[in-house]
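Q: predicted model, plus sequence, below.
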Amino acid sequence: MNVPHIDQMNAGGGLPLLSVRRLRVEFPSRRGTLLALDDVSFDIARGEVLGVVGESGAGKSLTGAAIIGLLEPPGRIAGGEILLDGEAIHELSGEAMRRLRGRRIAMIFQDPLTSLNPLYTVGEQLVETMLTHLELTPAAARERALALLDEVGIPAPAQRIDHYPHQFSGGMRQRVVIALALCAEPELIIADEPTTALDVSVQAQIIALLRRLCRQHHTAVMLVTHDMGVIAETADRVAVMYAGRVVEIGPVDEVVRAPAHPYTRGLMGAIPVLGDEVERLVQIDGAMPRLDAIPPGCAFHPRCAAAFARCRIECPELQPAGATRAACWLYAPAEMAEGGGR
Amino acid sequence: MPAFILRRLLQSVLVMLTVALVAFGLFRYIGDPVNNMVGQEATMAEREALRESLGLNDAVPLQFLRFVANAAQGEFGVSYRMARPVADVIAERLPATLELALISGFGALALGIALGVYTALRRDGWLSHAIMGLSLVGVSLPTFLIGILLIYVFAVELKVLPAFGRGEVVDLGWWTTGLLTPSGLKSLVMPAITLGLYQLTLIMRLVRAEMLEVLRTDYIKFARARGLSDRAVHFGHALRNTLLPVITITGLQIGSIIAFAIITETVFQWPGVGLLFITAVQFVDIPVMAAYLVLIALIFVVINLIVDLLYFVVDPRLRVQRSGRGQ
């Protein structure tokens, strides 16, 4: 099968593995159409880990669901495109998209306790997934399932393979879920808050495991979380989302060290740092607007200390801001024509 | 698991004893059986002789013990009205009722699951809406009315199906069946529909509701995200998870189909135990009533036992609970 060759990580040139361009997702409802994602653009290179952070409802998970083609109706992609290796996957037929799911793009959900079907052994679920995507005999698939369980750190896989999900602890179940996501060697894994439901001690293990496996298999990861700590440890780049838009995107070190967007600064200020003598943690006043009440201009302006007239009228695009790119008028080039938003 | 089965068996025995007590009470408190058996001109001496020969003068607990011992061997005495052993009368009638009940029960189950799955998957299709609308009719129309309507349309107007009876029956010695003759099969159609329609709509609505519930769960989302085919997701993963409540309800419903086939059997003059029971009530034929009561209780108890065992087959969480949490 495909031999993973050690490529340059974050290869500057060449096609990105995943390219999301001006993605818009809307939910038609009786009281009008809600725009849940507006103009979301980002790339993920092969083998790269992109962290996506933001408050609940910022559109992080929705972006993941849109990419893998599992938006809950009536949600639908209303504009933009999603390119996997240059191929527009947002317009694939249901059947073509199904074959791609699990095979080229896999997904890990938040709660390992409910992600596995209680009525089948973990072995049955692994074998079923492999037989769906790979040309294998059932016996070979079982062999592979054993190897995978071993690889994700399940002790005594030869016995555990015939156990049911309820016989595993939460952390072990998330390992099984990771094995299920990896079982057809996908190029991209969308991990939707993979550690939120786990104990803190187990969280670190799972994140380390995910990072190690993806390095080894050269799998790219879109890591959706609201935990900045997890992102700082794991991701190569980070995208910050607010009210359905990407407000800042850049290398993780830069975003953590010198956040450009006022919202990102607020997020970073809200993280307690050990050893720092701070009276109070910074907090961002107010709350993220609801989808049906997003203010005109920059959606963040009502909560932004640095807001000025333009912020209330015009919505900013991502623009270079130091080492990162931020959607904020503070960084607007003085009426200089900007050439194409790449 | 053996301990569980043993406990259930014990409970079943208790239930049966309680029912036996009620059945026994029928003899004691509903009229004087002797009055029903002898003619108007019987003398006091004749009555007393009969009373003595039936054992009605013994102590009550002794009579109850005797009743239980006999019942355990299938002996319920002699029918007052037919002057034949009750066991024989019931054995003669039981095949008709069981054939009718099982066919309409399993027909309702198969069709109910199929329609339930369909209406859950095509939730917004016009056909689903039509089926759901019609199912309301099935739930709300009383059984006898459906039976009479069917008779009017298919027997009176169209003259394609017989209006009553069981048709020609083949005697297999210990069992009589109407399933082997064309007239027997034709006769079965309308009673089976009448008896099964309510169960069908009930099972369909239950399957639909459970299925919609399961389709929202994380493991179904994850199954889709793994790229499994719709077929595998819907039938392999979703349907199997809806089966527990369906098994429970179906078990109870099959019990009540057998027990309450009375109305359908009356409407179609179906020669089963339900009809036998109704006639027994009219003639205060207490041995038959008591035997029917015990028989129905037995059927319920057995079905409940089977349902409990099926849980173990379907749900691994019950199977392994006792063997600890893996390692």
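A: Happy to help now that I have it. If you're wondering where the values come from, they're calculated on a predicted model, not measured in any experiment. Numbering: from 1, shown residues only, chains lettered A, B, ... in the order given.
Q: is stretch B:110-123 up against chain A anywhere?
A: No - judged by CB under 8 Å from any CB of the partner chain, stretch B:110-123 makes no contact with chain A; its nearest approach is 10.1 Å. Where you see a C-beta, it was placed from the backbone N, CA and C, and this is true even at glycine.
Q: dump that stretch to CSV, restricted to CA.
A: C-alpha atoms of stretch B:110-123 as CSV (Å, rounded to 0.1, in the frame of the first residue of the first chain):
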residue,chain,number,x,y,z
ALA,B,110,-42.4,-8.3,10.5
LEU,B,111,-44.6,-5.6,8.9
GLY,B,112,-44.4,-3.3,11.9
ILE,B,113,-40.6,-3.3,11.9
ALA,B,114,-40.4,-2.8,8.2
LEU,B,115,-42.8,0.1,8.2
GLY,B,116,-41.3,1.6,11.3
VAL,B,117,-37.8,1.6,9.8
TYR,B,118,-39.1,3.0,6.6
THR,B,119,-41.0,5.8,8.2
ALA,B,120,-38.0,6.6,10.4
LEU,B,121,-35.5,6.8,7.5
ARG,B,122,-37.8,8.7,5.1
ARG,B,123,-39.2,10.9,7.8
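Q: work out the gap between it and the centre of the chain.
A: Distance of stretch B:110-123 from the chain centroid (CA atoms, centre = their mean, to the nearest Å) equals 24 Å.
Q: run through who's touching that stretch.
A: B:127-128, B:131-132, B:135, B:199-208, B:210-212, B:215, B:234-235, B:239, B:246 (CB atoms under 8 Å, 6 or more residues apart in numbering or on different chains).
Q: which among the residues you listed count as buried?
A: Applying 16 or more other CB atoms under 10 Å in any protein chain shown to the contacts of stretch B:110-123, the neighbour count classes B:128, B:131-132, B:135, B:199-208, B:210-212, B:215, B:234, B:239, B:246 as buried.
Q: now cross-check those residues against chain A and list the overlap.
A: Counting by CB under 8 Å from any CB, no member of these reaches chain A.
Q: spell out which parts of the stretch 151-300 of chain B neighbour chain A.
A: By CB under 8 Å from any CB, the residues of the stretch 151-300 of chain B that approach chain A are B:217-219, B:221-230, B:232, B:236-237, B:240-241.
Q: so which of those residues are in helices?
A: Per DSSP state H, helices hold the following members of those: B:Asp218, B:Tyr219, B:Lys221, B:Phe222, B:Ala223, B:Arg224, B:Ala225, B:Asp230, B:Arg240, B:Asn241.
Q: what's the PyMOL line that selects buried ones from those residues?
A: Buried residues within these, by 16+ other CB under 10 Å, are selected in PyMOL with:
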select buried, chain B and resi 218+219+221+222+223+224+225+240+241
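Q: now the closest residue to chain A within chain B. Nearest residue, chain neighbours left out?
A: Relative to chain A, the nearest point of chain B is B:Gly227 (3.1 Å; CB to the nearest CB). Nearest non-adjacent residue to B:Gly227, counting by CB to CB, 6 or more residues apart in numbering or on different chains: A:Gly102, 3.1 Å away.
Q: any idea how far B:Pro2 is from the one you found?
A: For A:Gly102, the distance to B:Pro2 equals 42 Å [CB to CB, to the nearest Å].
Q: kindly report the same for A:Ala232.
A: 55 Å.
Q: pull out the buried residues from whichever helix or strand B:Arg51 is part of.
A: Under the criterion of DSSP states H and E, B:Arg51 resides in helix B:44-53. Buried residues in helix B:44-53, counted by 16+ other CB under 10 Å: B:Arg51.
Q: give me the mean pLDDT for stretch A:244-252.
A: For stretch A:244-252, mean pLDDT is 91.
Q: just checking, A:Glu128 touches B:Ser229?
A: No - here A:Glu128 does not reach B:Ser229: they are 10.3 Å apart, not a contact under CB atoms under 8 Å.
Q: which of these two has more neighbours?
A: Higher neighbour count among A:Glu128 and B:Ser229: A:Glu128, with 22 against 15, using other CB atoms under 10 Å in any protein chain shown.
Q: tell me the contacts of that one?
A: Neighbouring residues of A:Glu128 by CB under 8 Å, 6+ apart: A:Tyr120, B:Leu228, B:Ala232, B:Gly236.
Q: in which helix or strand does the residue lying closest to B:Thr143 once chain neighbours are set aside reside?
A: Excluding the flanking residues, the one nearest B:Thr143 by CB to CB, 6+ apart is B:Ile263, at 5.1 Å. Following DSSP H and E, one finds B:Ile263 within helix B:262-267.
Q: which helices and strands does the helix or strand that that helix is followed by pack with?
A: Downstream of helix B:262-267, the first helix or strand assigned by DSSP H and E is helix B:273-282. Here helix B:273-282 touches helix B:86-121, helix B:262-267, helix B:286-314, going by 3 or more CB pairs under 8 Å, 6 or more residues apart in numbering or on different chains; DSSP states H and E.
Q: of all these, which one is nearest B:Ile278?
A: When the helices and strands packed on helix B:273-282 are compared by CB to CB, helix B:262-267 sits nearest B:Ile278, at 5.8 Å.
Q: where in chain B is pLDDT low?
A: For chain B, applying pLDDT under 70 flags the ranges B:1, B:31, B:33, B:36-37, B:260, B:320-327.
Q: before we move on, the earlier item: can you get me a residue count around the residue nearest to B:Gly227?
A: 26.
Q: can you check B:Leu14 too?
A: Using other CB under 10 Å, B:Leu14 has 11 other residues around it.
Q: also A:Arg31?
A: Using other CB under 10 Å, A:Arg31 has 7 neighbouring residues.
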